[in-house]
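Colleague: Pasted the sequence and its predicted model underneath.
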2 protein chains.
Amino acid sequence: MVSVVILGSGNVAQHLIRAFGKSTLVNLVQVYSRNPLTLQNLLPSDKIISDVGQITQADLYIVSVLDDAIAQVCESLEFSGRLVVHTSGTKPIDVIPSRFKRGVFYPLQTFSKTREIDYGAIPFCLETEHPEDFRLLETVAGAISPHIYRMDSAQRKALHAAAVFVSNFTNHLYAIGNKICSENNIPFDVLKPLILETARKVMTLSPVEAQTGPAIRHDQGTIDAHLAFLGPEYRDLYEKLTHSIQNEQKL
Amino acid sequence: MVSVVILGSGNVAQHLIRAFGKSTLVNLVQVYSRNPLTLQNLLPSDKIISDVGQITQADLYIVSVLDDAIAQVCESLEFSGRLVVHTSGTKPIDVIPSRFKRGVFYPLQTFSKTREIDYGAIPFCLETEHPEDFRLLETVAGAISPHIYRMDSAQRKALHAAAVFVSNFTNHLYAIGNKICSENNIPFDVLKPLILETARKVMTLSPVEAQTGPAIRHDQGTIDAHLAFLGPEYRDLYEKLTHSIQNEQKL
């Protein structure tokens, strides 16, 4: 078994704790947090520590804290030469001090505390400074999910930007749809099958092939009717997205 | 059984033909099309007609043609007083000439010819000029799906604009994610679980509750890093969507 210490108690840390709890390949020996109360329902109390000096020997240290706190948490560790990874999609591998063997263990998923996650569907994007450490990270990620990708820091940064488009921005478009519905006494439920089918379509078709709607058809009558209908807060966004679809087509 | 004639042979017409074929409540007696060849794999040849004069008596006529052709196809019909509906999300009920009993039979789904549709998940938005005709439309839609909504022309127009946001524009965000991935040698597969989970989340959470990411966290460091990374073609859209998320929060 691979022994692991997690540092952090946020969303990602909590989901990793749950996922490792179901694994026979990973032994989660300790979780360090300045807020140990947030962990008390997830772990036996002897595994929760809030004093850096108590951190024990392990094969892997996973630092899962806010991006801007990664360097500082690593600096506080009282050892060197061991494998330390962070879970950030945006920070490069070298925010971890060079006295450690460094790596990145980035689960690409939209974690919310209120929803059960299908861990087996989460892609893990892994990077290690030393090639010989990759296998160990692969084992630990493999205990959670079969979807493992080797990715360097530049690729991970690109992936994170792409993820903002397909997840955060997409969710905002759902919010706009919801708002238009509620302003017109239409239940949001009417849109739900369309939302699911739009997502499912690109599991097998490329998004460019799957594109439908007035923008790609250059149906200016419908576009003008929508622009006239929309309030000023969404009209500009509608135009920008329509032009972006039409420009894409020209490429 | 309700007897139905379909006029048209496009995407929606073809899906309705398939769906009615599986129903014991609807008797599809004829399909009229100027391009009868497009229908030859879907129907016995004696049910396909291309001469308006041959259109037979039926309980319901479903005009499923391009928006701008609805009025003209209706005008060509050699009868009056019967129930005639169109399948458009954008056109009001009164594009159908007043000599008919008018209605709308709008299935809200993204139809593509290459993909099997789960008909039972399609919401139908129904409207009739005369209240006594509603029941018949409800029976015909109910033969395909249990998701039936009564909606007037103004609501349907709002719904169609909302659908453009949650489907056409969302698909375009998937296309942007795909492009960023391919430019950085990342398989699009990495994003697929995130795309599905983002859609599934709003089946139970409201999109405003489900919102995550740098925009809603006002994480300007990550936003700036993404803007610096993105090419000019997507930078503007990134900024617009980020501001729209942050404005929403204030409301």
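Modeller: In hand now; what should we look at? Numbering: from 1, shown residues only, chains lettered A, B, ... in the order given.
Colleague: Let's test this: mean pLDDT of stretch A:11-24, rounded?
Modeller: For stretch A:11-24, mean pLDDT is 92.
Colleague: same question but for stretch A:157-168, I mixed them up
Modeller: 97.
Colleague: and it, anywhere near chain B?
Modeller: Yes. Stretch A:157-168 lies within reach of chain B by Cβ under 8 Å from any Cβ of the partner chain, at A:157-168. To be clear about C-beta, it is placed using only N, CA and C from the backbone, and glycine gets the same treatment.
Colleague: Would you report which members of these are assigned to helices?
Modeller: When those are checked against helices (DSSP state H), the matches are A:157-163.
Colleague: who's in contact with stretch A:194-203?
Modeller: If you take Cβ atoms under 8 Å, 6 or more residues apart in numbering or on different chains as the criterion, stretch A:194-203 is touched by A:174, A:177, A:210, B:108-110, B:112, B:115, B:117-118, B:121, B:123, B:163, B:166-167, B:170-171, B:174, B:178, B:192, B:195-196, B:198-200, B:202-203.
Colleague: Mind giving me the ChimeraX command for buried ones among those residues?
Modeller: Filtering those down to the buried ones (16 or more other Cβ atoms under 10 Å in any protein chain shown) takes a single ChimeraX command:
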select /A:174,177,210 /B:108,109,110,112,117,123,163,166,167,170,171,174,178,192,195,196,198,199,200,202
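Colleague: Just the CA atoms of the helix or strand containing residue A:13, as PDB, please.
Modeller: Assigned by DSSP states H and E, residue A:13 falls within helix A:11-21. What follows is helix A:11-21, C-alpha atoms only, in PDB (Å, rounded to 0.1, in the frame of the first residue of the first chain):
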ATOM      1  CA  ASN A  11     -13.500  20.700  -1.300                       C
ATOM      2  CA  VAL A  12     -10.900  18.700  -3.200                       C
ATOM      3  CA  ALA A  13      -9.200  17.500   0.000                       C
ATOM      4  CA  GLN A  14     -12.500  16.200   1.300                       C
ATOM      5  CA  HIS A  15     -13.400  14.400  -1.900                       C
ATOM      6  CA  LEU A  16      -9.900  12.800  -1.900                       C
ATOM      7  CA  ILE A  17     -10.400  11.600   1.700                       C
ATOM      8  CA  ARG A  18     -13.700  10.000   0.800                       C
ATOM      9  CA  ALA A  19     -12.300   8.400  -2.400                       C
ATOM     10  CA  PHE A  20      -9.100   7.000  -0.600                       C
ATOM     11  CA  GLY A  21     -11.300   5.600   2.100                       C
END
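Colleague: Now the element after that helix, going C-ward?
Modeller: Past helix A:11-21, the next helix or strand by DSSP H and E is strand A:26-32.
Colleague: three-state assignment of residue A:103?
Modeller: strand (DSSP: H, G, I helix; E, B strand; the rest coil).
Colleague: wait, isn't it in contact with residue A:132?
Modeller: No. Contact criterion Cβ atoms under 8 Å: residue A:103 and residue A:132 do not qualify, at 11.2 Å.
Colleague: Those two - which one has more neighbours?
Modeller: Between residue A:103 and residue A:132, counted using other Cβ atoms under 10 Å in any protein chain shown, the more crowded position is residue A:103 (23 against 8).
Colleague: can you list contacts of stretch A:151-160?
Modeller: Outside stretch A:151-160, the residues touching it (Cβ under 8 Å, 6+ apart) are A:89-90, A:92-94, A:104, A:106, A:108, A:125-127, B:180-181, B:183-186, B:190-191, B:222, B:225-226, B:229.
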